[in-house]
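Student: quick one, what's the 3D model for this:
(2 chains)
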Amino acid sequence: MNWIFNPWPWYVSGPIIAFIMFLLLMLGKNFGMSSNLRTICTICGAGKNVSFFKFDWKTQKWNLVIVIGTVIGGFIGSYFLTNNPAVQISPETISNLKTLGFNSAGKGYLPTELFDNSVFLNGKNLLLIALGGFLVGFGARYAGGCTSGHAISGLSNLQVPSLIAVIGFFAGGLVMVHFIFPLIF
Amino acid sequence: MKKTIIYLFIGIAFGITMFKSEASSWFRIYEMFTFQSFHMYGIIGSALLSGIILVQIIKQKQLKSFYNQEIDFCPKEKSVLRYLIGGIIFGLGWGLAGACPGPMFTLVGAGFLPILVVIAFALLGTYVYGLLKNKLPH
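Tutor: Below you'll find the model as predicted:
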């Protein structure tokens, strides 16, 4: 049973994700996490001024329940199923990150430089994670889906639009990490 | 009520998998974009391969849903621009915040408070898209 406390290998995790997508299809739903962001905007009253948010959010209640489950799953995974949260990224990645100033590379689950509570006192890094979130929210809705909706659901169904979106995801990520990171970190 | 519990369990399984696979780790996303490890490609690749097989099984065997209805794959409307531009913007954010929407919620449960800032701004980004939708090329 020790394996469960270690990081799960890709060949276990990937098929589980696909099986979750399959279960949702069999329940008559579609796997997609970012649409919850739209639903939450609607619940907050965004539909009053913007027609994009005018829809019956109750039809998406099932997906919000999945979000609640995901939060609980993150809690269980982190507090009960993990002994050592340090992510064993490759040594080259660690040395790359150290040059960029991420001294926490190889020592934790997330970089303390961006996700420790001390970031609330670091205006620049706080602004950067906020910007990252903004781009994810804006881009996911513009592209009509995120990693779950396009890279998993859409590509599993061999959809060309999803392939274009996933190419975009990677192009954006590569530009950020290779060209923008050296300027901002 | 029964349905709610099913969705809750699916969410819990998803959250545990997102955390334990390290797909919710900013470090893994960075490493993926530097091509220095196979890990993330393995996760996405094996999910995709299993997904293609499962979707083909549904189609070939003409499986009905658990409620005996046609399975709706919600095909995406045809276009290039919205997927490419939207995708690139999403990718920039994915690289920077190191989390896409699923992992964002996972990390809330894992106790990282600053991820709430990321989620709040992801909501704002979604709202701004809704505001500008009709002015953007699609």
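Student: what is the longest helix seen in chain B packed up against?
Tutor: Longest helix in chain B by number of residues (criterion: DSSP state H): helix B:39-60. On a contact count with 3 or more CB pairs under 8 Å, 6 or more residues apart in numbering or on different chains; DSSP states H and E, helix B:39-60 meets helix A:10-26, helix A:155-156, helix B:26-33. All C-beta spots, glycine's among them, are computed from the backbone N, C-alpha and C.
Student: most packed of these?
Tutor: helix B:26-33 (a mean of 26; mean count of other CB atoms under 10 Å in any protein chain shown).
Student: can you pull the pLDDT of the spatially most central residue of chain A?
Tutor: With distances taken as CA atoms, centre = their mean, A:T147 lies nearest the centre of chain A, 7.5 Å away. Reported pLDDT at A:T147 in the predicted model: 96.
Student: burial measure for the closest residue in space to it that isn't next to it in sequence, as a count.
Tutor: Nearest residue to A:T147 in three dimensions, chain neighbours excluded: B:C100, at 4.4 Å (CB to CB, 6 or more residues apart in numbering or on different chains). Other residues lying near B:C100 total 26 when counted by other CB atoms under 10 Å in any protein chain shown.
Student: same deal with the one 3 residues further on?
Tutor: Taking other CB under 10 Å as the neighbour definition, B:P103 ends up with a count of 30.
Student: over to the one 3 residues further on?
Tutor: Each residue near B:T106 was counted by other CB under 10 Å, and the total is 31.
Student: now B:I52
Tutor: B:I52, neighbours per other CB under 10 Å, totals 15.
Student: could you do the one 4 residues further on as well?
Tutor: Other residues lying near B:Q56 total 13 when counted by other CB under 10 Å.
Student: now B:A23
Tutor: For B:A23, using other CB under 10 Å, the count is 27.
Student: tell me which of the helices and strands packed on helix B:39-60 lies nearest to A:F169.
Tutor: Proximity to A:F169 (CB to CB) singles out helix B:26-33 among the helices and strands packed on helix B:39-60, at 10.2 Å.
Student: anything in the closest one near chain A?
Tutor: Yes - interface with chain A: helix B:26-33 contributes B:26-33 (CB under 8 Å from any CB of the partner chain).
Student: which helix runs longest in chain A?
Tutor: Under DSSP H, the helix in chain A containing the largest number of residues is helix A:123-143.
Student: list the contacts of the residue nearest to the centre of chain A.
Tutor: A:33, A:169, B:44, B:94, B:100-102 (CB atoms under 8 Å, 6 or more residues apart in numbering or on different chains).
Student: wait, B:V55 sits on A:L155?
Tutor: No - in this structure, B:V55 is not within contact of A:L155 by CB atoms under 8 Å, at 9.7 Å.
Student: relative to helix A:123-143, how tilted is the helix or strand just after the longest helix of chain B?
Tutor: Per DSSP states H and E, the first helix or strand lying C-terminal to helix B:39-60 is helix B:81-97. Here helix B:81-97 runs at 160 degrees with respect to helix A:123-143, directions being taken by axes from the mean of the first three to the mean of the last three CA atoms, to 10 degrees.
Student: output the contacting helices and strands for helix B:81-97.
Tutor: Against helix B:81-97 (3+ CB pairs under 8 Å, 6+ apart) you get helix A:123-143, helix A:160-175, helix B:26-33.
Student: ok, the second one near chain B or not?
Tutor: Yes - using CB under 8 Å from any CB, helix A:160-175 comes into contact with chain B via A:160-162, A:164-175.
Student: rewinding a little: buried residues in the longest helix of chain A?
Tutor: A:125, A:128-143 (16 or more other CB atoms under 10 Å in any protein chain shown).
Student: keep only the residues you listed that also lie close to chain B.
Tutor: Within the buried residues of helix A:123-143, those near chain B by CB under 8 Å from any CB are A:128-143.
Student: wait, which of those is closest to B:L48?
Tutor: So of these, ranked by how close each gets to B:L48 (CB to CB), first place is A:A143, at 17.4 Å.
Student: what's the burial count for the closest residue to that closest one other than its chain neighbours?
Tutor: Computed as CB to CB, 6+ apart, the closest residue to A:A143 that is not its neighbour in sequence is B:G86, at 2.9 Å. The number of residues packed around B:G86, counting by other CB under 10 Å, is 29.
Student: the host helix or strand of B:F121 packs against which elements?
Tutor: Using DSSP H and E, B:F121 falls within helix B:115-132. Under the contact criterion of 3+ CB pairs under 8 Å, 6+ apart, helix B:115-132 touches helix A:35-43, helix A:123-143, helix B:101-109.
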